[in-house]
Structures are given as C-alpha cells and as structure tokens.
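Novice: Here is a sequence with its predicted model. Questions after.
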Amino acid sequence: MRLSEDFMTELKSRIDISEIIGEYVDLQQKGKNLMGLCPFHSERTPSFCVYPANGSFYCFGCGAGGDVITFLRLVEHYDYIEAVKNLAERAGMDFEVSEEDNAIHQKKLLIYKINRDAAKFYHSSLLKECGKEALSYLKKRNVSLKTLKHFGLGYSPSTGYALVDYLKKIGYNSEDIILSDLAFKTRNGKEVDRFRNRLMFPIIDVKGNVIAFGARTMGKDMPKYINTSDTPVFKKSSNLFSLNFAKKSGKNEFILTEGYMDVISLYQAGFDNAVAGLGTALTVNQVKLLARNVDNVVVSYDSDLPGQKAANKAIEMLKDNGLEVKVLSIPKAKDPDEFLQTYGKDGAVKFKNLIENSKNDIEYKLSNVKSSYDLSSPNDKVKYITAACEILAKCRNSVEREIYAIKISEEANISKDSVMLQINKIIKKNRKKSEKIEFKDIQKTTSALNDNINPEKRNHLRAAIAEESLISYIINNPDVANTIFKSFSPEKMITGFNKRVIGVLKDIVSEGKTMDISTISQYGFSFEEIGRITRIMCSYKPSSGTLNTIEECLKVIEEENEKIKLKDVSSVSEQDVMEYIKNLKNK
C-alpha cells in the first residue's frame, strides 16, 4: 500500500530511526553509523548497522535491512499499516485507515475476531457436558476454576463440525475459518474442525489478541500436543505461551518452561512470570522476544536427558543475546508442574527456594559434566578436565573463566595454570575455526554462489556489480537520476532483480517521489529483497561530485550485453562479429 508522499515525508522527518531501533538493540557509535547485535539472528559479534543519514539499517550477518517501517514489521510482526500507525502515534500525527484501504490489515483483524470467538466457544464447551472429561482432567491436575478462567482454557468437541457450524452460524465464511487454521477441507469438500476432542490453550499476544491455540488430546491421538499452524497473525517460532501475563508481572526475570501446564501450575502457585515455548525447540525469534522484555531468565526445563539437552541449547542462545541465565535442577520431579503437585501446599515455598539457589549457566553445565565422570579414575579425570575447559572456553568473561579454572584445578588436583593453558588452546582453535567459516561465507557472498535474490548474478558477476553500483549511485544521488535515465533504459540491465529495481527507481523519478528506501519498499518488494537493496545502497559509494564512476558502470553493462549477444555464435552474422572485435580494439 502506498501512502501520500506528503504524509510519509512528514512522518520520516519526525522519526529518528536510531532512537526506535535503540529500544530493541544496544547500539554503539561507529563513525557516522551505529552498530549492535542483530535482533533477527543469534550472533556474538555485532554485524547490525544503523545508518541515521539515510534512515536505514542493514545486518551483514543475516541480510535483513530496510527503513524503520521494515524494522518494526520484522521485529513486531506488524503489517504495513500497523507499523505506520505505530510510528504516527509516536510522532503525534493523525493516521486513519478505512476498511478498504488495506486488505491484508483487515484480514488480520478478521482472524483475530474469529480466534476470539473460537476461544469463547471452546471455553463454554469445557463447562458443558461434552467437556466433562477435559474438566475432570484439569481437576485432577489441581487446576482451579479461577485459574482455568484466567487462561481461558477450553475444550474442542469430538464431533468434528461443532466449531465450524458455530462460526458459520455467527457470520464467518469457510474461507476465513480455514485461513485461521481452525478448520480444513476434506476430499469431498466438507469443512472439518482442526481440533477435536482436545483440551484447548489459547495463545494470546501482548496486545490481548488470541492469535492461536495449543491443544492436548483427551484420547489416544498422536501427537499428544498440536498447535495452530502459521497464519497471517501467528508464527509459532516467534511467540511464547503466557507472555501476555508474564509481561504484566512487571518483573525483570522470566521463568522459561517447556509446557503449558508448567506455566499454569506456576501461575497458580504465585509465579506470574512464567512462559513456555510452543512445542518445539527454543528459536532465535523467541529468544529475541524474551530479550526485549527482561534481562534475566530462569531455565526450568524437564529434568530428563532430552530436557537437559534442550536446556543446554537454550542457554547458549540466551547468553548470545545478552541475557543473564540461571538454571533450575528440579529434584524428585520431571518438571515444575510435577514438582508443585508432589509437594502440594509446600510446593510454592520449595520452588521459590529452588530459584533462589539455582545455578548460573556455567555452574549448571560443569555440574552436569562432572556427574558423568569418576574423578578417582585418571582417565575420567582427563575427560572431565577437557570437557570442563571446552565449556569455559566459550565464556566471554576472562575473570569468570579464571574463577572456574581455580575450581576445576582444585577438584581435579592439578594446577590452575594447566587448566588455563588448556582453555586458551581451545579458544585459539575455536577462533581459527570461526575465521575459516567466516572466510568461506565471504567467498560465497562475493561469488554469489548462494544468491537466491538475484540468482543470475553468479553467471554475470561483472555486470551485476556494475548494476549494483549504478543502483546505489541513483539512490544516493537522486538529483542526477533524470540525466542517467535519458540515455539509459532499465531493459539494458542484465540480471533480472537489478532490472526490476532500476525500473522502480525510474518510476519513482517520473512520479516525482522521494528517492529513499522507504519509498522503494512500497513497490512490492519482499523483506529479503528490501534487505538486498539496502545493502546495495549502503555498500557502494560512488563519487557524488562526478558522473565518471557511473559512466564506467554503464560502459561495463554495455560490454556485457554485447558478450551475451555474441555468445551463440551460430546466430550471429560475420559482419557483427567483425564489428564487435573492432569495438574491443578501440576500447
């Protein structure tokens, strides 16, 4: 959707991109620009750059890029209208959108309504005769009626048509019910409920919208738990169960669990800051979501082997994103829910003690490693020291490394210097490995081997580089764009993506619009494509005082076009070949 030029110009003049992004990313000044850890992928070395001069950002690690609107859309999963509305509110500008202005935005609002009505239906079904078994299950798990209502728990009837029939009755059509993933069509064209005979857990965002459902079977269906698939309002990898309630707790620490029932039991025991993943391993997006809300996370995963493995992976991701991590070891129970059920009235006090005495991430890992070896055995002792040093080598704080090196040396009865020597060897090895991987990534990027945005670049590298330089020059020097387009047609571009970009730039010039990434992003480019255009804009810096550089680019594009024309010699006349050779000699 394209908004008025005047409105967008005014909005951009009032918004400071570094201020907005600074709410999500810890930015450090680097020359005229700002650098920080990317909020869209996990990294230890900052590769995320904000360019205040042209109002853009770009991550050299994952390729995300664009303007402040793109940033909010990526980080908050807004649609275009939601992002602009948010910025307009910050800028103190009036912004209204009618229903017909944006179909995608209106479709999202409709799905929110459908989900809300579905949640009401499921909740009422739980309290009816058909939900008797599910309600009995909750009572056995000691879930009170108050807690049940707080989370809006429900039940999906087993008939297979109950929800679809209800939603149709109150005015929704089949297409939108299916789009919400609350139903699907069978081979005979009949709509059937997605969830049947399951205990329902509404997943609610921080704005109070029901965005999806988790569902536990009351029968023998497998898998035991399923979730809503991705929809226009929900991405499983980017949300957490009960984040809406945990955020309201006002605490700077969340308890991260694996299951819905863990969160519910913890809430009932007085811990209103618990959240859970959505049935899959913790994702980078979920970690970023945590980091935007708190500084500290207590990992309380299942105590079995899969739970420990999941906890170790989660710890690395949480630490990489700047979070302070503590890990609970739950005695005599598999998970927080079972622990609280086991100790009844004393469960809350005992769980609080577990949190207060919980280990930090390094202590947790060292403890797990130590439990695997017999330190009275010389062979096991060597294995333990090696494994422990591997853990400490990943620790960024040198003081912390040294403190734990002393602890290991005392446990293994060897000198601290020997432990530190081993740690430093591992650090050096890891650094070389990292540099090797980074070099290979740079080679791939330079050669465009894995370029999915502009796949033709790998076969026309010289032309593509000249094209990108031309694109950058036009965006950075819009005052000369008209001069360039008088003698150069987008059709001369060799690679498809760059040809499309140049075509849009020409349209922007002819329409008299502002030449910047905000305007370009309104011409139907995907997030990945906007990221690429931003990289081109910020990476190539032709001289702004002369057209000599751009003339060289145009010359290269012309030469590469001639090569393509002559590639199939059988279709070219002898005269054309001789003319081409003559031109080459002159050049």
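Specialist: Great, that's in hand.
Novice: domain parsing for this structure?
Specialist: Under the assignment automatic domain parsing, the domains of the chain span 5-91, 103-234, 243-359, 372-436, 455-586.
Novice: Quick one: closest of those to K365.
Specialist: Closest to K365 of these, according to CB to CB: domain 372-436, at 4.9 Å. Backbone N, C-alpha and C define where each C-beta goes, glycine included.
Novice: Any idea how far apart the tips of that closest one sit?
Specialist: For domain 372-436, the separation between the terminal residues is 32 Å (CA to CA, to the nearest Å).
Novice: now that domain, how far from the chain's geometric center?
Specialist: 33 Å (CA atoms, centre = their mean, to the nearest Å).
Novice: Repeat that for stretch 135-150.
Specialist: On CA atoms, centre = their mean, the centre of stretch 135-150 falls 34 Å from the chain's centre.
Novice: which parts of that stretch are buried?
Specialist: L135, L138, V143, L148 (16 or more other CB atoms under 10 Å).
Novice: And the average pLDDT for it is what?
Specialist: For stretch 135-150, the mean pLDDT works out to 96.
Novice: got CSV for the domains of the chain, with distance to K365 too?
Specialist: Below are the domains of the chain laid out as CSV (distance: least, CB to CB, whole Å):
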stretch, distance to K365
domain 5-91, 17
domain 103-234, 28
domain 243-359, 7
domain 372-436, 5
domain 455-586, 35
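Novice: weakest of these by average pLDDT?
Specialist: Per-segment mean pLDDT for those reaches its minimum on domain 455-586, at a mean of 81.
Novice: how far out from the middle of the chain is it?
Specialist: The answer for domain 455-586 is 32 Å, by CA atoms, centre = their mean.
Novice: Quick check: buried residues in whichever strand or helix holds E528?
Specialist: Here E528, judged by DSSP states H and E, is contained in helix 527-539. Residues F527, E529, I530, G531, R532, I533, T534, R535, I536, M537, C538 are the ones in helix 527-539 that count as buried (16+ other CB under 10 Å).
Novice: again with stretch 210-220
Specialist: Buried residues in stretch 210-220, counted by 16+ other CB under 10 Å: V210, I211, A212, F213, G214, A215, R216, T217, M218.
Novice: One more: stretch 478-491?
Specialist: P478, A481, I484, F485, F488, P490.
Novice: for stretch 182-192, same thing?
Specialist: For stretch 182-192, burial by neighbour count (16+ other CB under 10 Å) applies to L182, A183, E191.
Novice: thinking again about what came up before, of the buried residues of stretch 135-150, just say which sits nearest to L421.
Specialist: So of the buried residues of stretch 135-150, ranked by how close each gets to L421 (CB to CB), first place is V143, at 54.6 Å.
Novice: what helix or strand does the residue nearest to the closest one when sequence neighbours are not counted sit in?
Specialist: Nearest residue to V143 in three dimensions, chain neighbours excluded: I264, at 6.2 Å (CB to CB, 6 or more residues apart in numbering). Using DSSP H and E, the element containing I264 is helix 260-268.
Novice: CA-only coordinates of that helix in CSV, if you can.
Specialist: Extracted C-alpha coordinates of helix 260-268, given in CSV (Å, rounded to 0.1, in the frame of the first residue of the first chain):
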residue,chain,number,x,y,z
TYR,A,260,1.7,-25.1,29.0
MET,A,261,0.8,-27.0,32.3
ASP,A,262,4.1,-25.9,33.8
VAL,A,263,3.2,-22.3,33.3
ILE,A,264,-0.4,-22.8,34.6
SER,A,265,0.8,-24.6,37.7
LEU,A,266,3.4,-22.0,38.4
TYR,A,267,0.9,-19.2,38.0
GLN,A,268,-1.5,-20.9,40.4
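Novice: ok so, going back, kindly reformat the buried residues of helix 527-539 as TSV containing distance to D26.
Specialist: Converted to TSV, the buried residues of helix 527-539 look like this (distance: CB to CB, whole Å):
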residue	distance to D26
F527	23
E529	28
I530	24
G531	21
R532	26
I533	26
T534	21
R535	22
I536	27
M537	25
C538	21
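Novice: out of those, who's nearest I362?
Specialist: G531 (35.7 Å).
Novice: how near is that closest one to N33?
Specialist: 17 Å (CB to CB, to the nearest Å).
Novice: Torsion angles phi and psi at A276?
Specialist: Dihedral angles of A276 (phi, psi; degrees, to the nearest 10) stand at phi -140, psi 150.
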